[in-house]
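**Q** sequence? don't have it. structure:
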């Protein structure tokens, strides 16, 4: 089965990851690329300042970049992947869904909308049931699915594994790589020999998206998990890979061995881009580390380590590749889930 896909915002950092990840994909075939009006009409090779660590695929390089409008896209696309800036996504994605396109989006707009699935396939695939409500309430022939923020997706699968012990409160401090801000997002003068102890809007995303991802969908309605999440987000001078220090307060009192087993027992998703084991747990207290561990599972596996008991529960570290598992790869995985569940 071949699924023809379009990439929205294809020339940016996450858009380039989409191109890389979809090269030789067993199901998806890139059939169109879009970008800003300034790039429209150029070849992708000329419009994209290619910065990914593998060569640009020849057939994509020669594609003509289109504008990001329903009128500019081919009618025979089966699925769209979006890495648009949130302001552009908020304006364009509903138009595309109204025109009948199914959109798997990494953009932050509408992640918390009650009828928009915010999905990690290993955590909450049943949230796709919200699409029935979405279509009914919005009158769309298409559909919109979101993946969470890159820092949220690093932590939430670990929380899902620990929910069996009764999640009550979570405190997290992140050490986030510069690629999460985009190529021009943080200047060298800001980040070299430095740490930025604030990332605008990031704390709120972690605190709200986590509760939605861990919540329940029943009869087309969403209820948030009652866990209380507080986050402190920091930009550090690593290139890729978000490392997070998590303190989880639990109703039960599991020992580190039980926590280790719970984390490594989280069920995987039977999808082409999904790792067989979503979470790998290191016994070494100094792992995971971004440079050593971000590419585990081709960048799609989450790593954890440093497990220790606290008075209220457990403390641990977790890590994921922020532009693969935390962005483009997450949207690709959701696209695979949409195909598997018959929405595409």
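**A** In hand now; what should we look at? Predicted model only: the values in this text are computed from it and were never measured.

**Q** if I look at residue 118, how far off is residue 23?
**A** When CB to CB, to the nearest Å is the yardstick, residue 118 and residue 23 sit 27 Å from each other. C-beta: built from backbone N, CA, C; applies to glycine.

**Q** which of those two has more neighbours?
**A** Legend: neighbour count by other CB atoms under 10 Å for residue 118 and residue 23, higher for residue 118 (27 against 15).

**Q** so what's residue 230 closest to, chain neighbours aside?
**A** The shortest distance from residue 230 to any non-neighbouring residue, by CB to CB, 6 or more residues apart in numbering, is to residue 171 (5.3 Å).

**Q** So what's the predicted local confidence for that neighbour?
**A** Note on residue 171: pLDDT of 98.

**Q** Now do the same for it: helix, strand or coil?
**A** Of the three states, residue 171 takes strand according to DSSP: H, G, I helix; E, B strand; the rest coil.

**Q** so what's it up against?
**A** 229-231, 246-247, 249 (CB atoms under 8 Å, 6 or more residues apart in numbering).

**Q** For those, name the two members farthest from one another.
**A** Using CB to CB, the pair of the contacts of residue 171 lying farthest apart is 231 and 249, separated by 14.5 Å.

**Q** neighbour-wise, which of those two wins?
**A** Neighbour comparison, residue 231 and residue 249: the larger count goes to residue 231, with 22 against 17 (by other CB under 10 Å).

**Q** would that one count as being in a strand?
**A** Yes - looking at residue 231 with three-state DSSP, it is inside a strand.

**Q** Kindly state the beta-bridge partners for residue 196.
**A** Beta-bridge partners recorded for residue 196 (DSSP bridges): residue 235.

**Q** So what's the residue count around it?
**A** 16.

**Q** Next: residue 245.
**A** 15.

**Q** same question, residue 341
**A** Neighbour number of residue 341 under other CB under 10 Å is 14.

**Q** Go ahead and confirm it touches residue 128.
**A** Yes - Residue 341 is within contact range of residue 128, at 5.7 Å (criterion: CB atoms under 8 Å).

**Q** what is residue 249 paired to in the beta sheet?
**A** residue 169, residue 313.

**Q** residue contacts, it?
**A** Counted by CB under 8 Å, 6+ apart, residue 249 has contacts 167-171, 312-313.

**Q** likewise residue 327?
**A** 14, 17, 83, 106, 147, 150.

**Q** one more time with 6 Å
**A** Residues counted as contacts of residue 327 (CB atoms under 6 Å, 6 or more residues apart in numbering) are 14, 106, 150.

**Q** List buried residues within those residues.
**A** 14, 106, 150 (16 or more other CB atoms under 10 Å).

**Q** Would you convert those residues into TSV that also reports secondary structure, distance to residue 162 and pLDDT?
**A** Output for the buried ones among the contacts of residue 327, formatted as TSV (DSSP: H, G, I helix; E, B strand; the rest coil; distance: CB to CB, whole Å; pLDDT from 0 to 100):
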residue	secondary structure	distance to residue 162	pLDDT
14	helix	29	95
106	coil	26	98
150	helix	20	97
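
**Q** any idea which of these is the one closest to residue 261?
**A** Using CB to CB, these come closest to residue 261 at residue 150, 27.0 Å.

**Q** wait, the closest one sits on residue 321?
**A** No - contact criterion CB atoms under 6 Å: residue 150 and residue 321 do not qualify, at 8.9 Å.

**Q** how many neighbours does residue 133 have?
**A** Neighbour number of residue 133 under other CB under 10 Å is 18.

**Q** mind checking which helix or strand it is in?
**A** Using DSSP states H and E, the element containing residue 133 is helix 130-138.

**Q** Could you provide the contacts of residue 327 in a markdown table, with additional columns for distance to residue 328?
**A** Converted to a markdown table, the contacts of residue 327 look like this (distance: CB to CB, whole Å):
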| residue | distance to residue 328 |
| --- | --- |
| 14 | 5 |
| 106 | 7 |
| 150 | 10 |
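
**Q** of these, closest to residue 336?
**A** residue 106 (14.5 Å).

**Q** Hmm, the closest one is touching residue 331, no?
**A** Yes - contact status for residue 106 versus residue 331: in contact at 4.7 Å, counting by CB under 6 Å.

**Q** residues in contact with residue 245?
**A** 173, 317.

**Q** Bridged to it, which residues?
**A** residue 173, residue 317.

**Q** separation between it and residue 261?
**A** From residue 245 to residue 261 the distance is 21 Å (CB to CB).

**Q** Residue 53 now?
**A** Taking CB to CB, one finds residue 53 at 35 Å from residue 261.

**Q** do residue 78 as well
**A** Distance from residue 78 to residue 261, by CB to CB: 40 Å.

**Q** Which one of these two is surrounded by more residues?
**A** Each of residue 78 and residue 261 had its neighbours counted (other CB under 10 Å), and the higher figure belongs to residue 78 (20 against 12).

**Q** ok, the more buried one to residue 67 distance?
**A** For residue 78 relative to residue 67 (CB to CB), the value is 20 Å.

**Q** What of residue 333?
**A** Residue 333 is 27 Å from residue 67, by CB to CB.

**Q** Same question for residue 44.
**A** 14 Å.

**Q** Comparing these two, which shows the higher neighbour count?
**A** Neighbours around residue 44 and residue 67, counted as other CB under 10 Å, are more numerous at residue 44. The numbers are 26 against 15.
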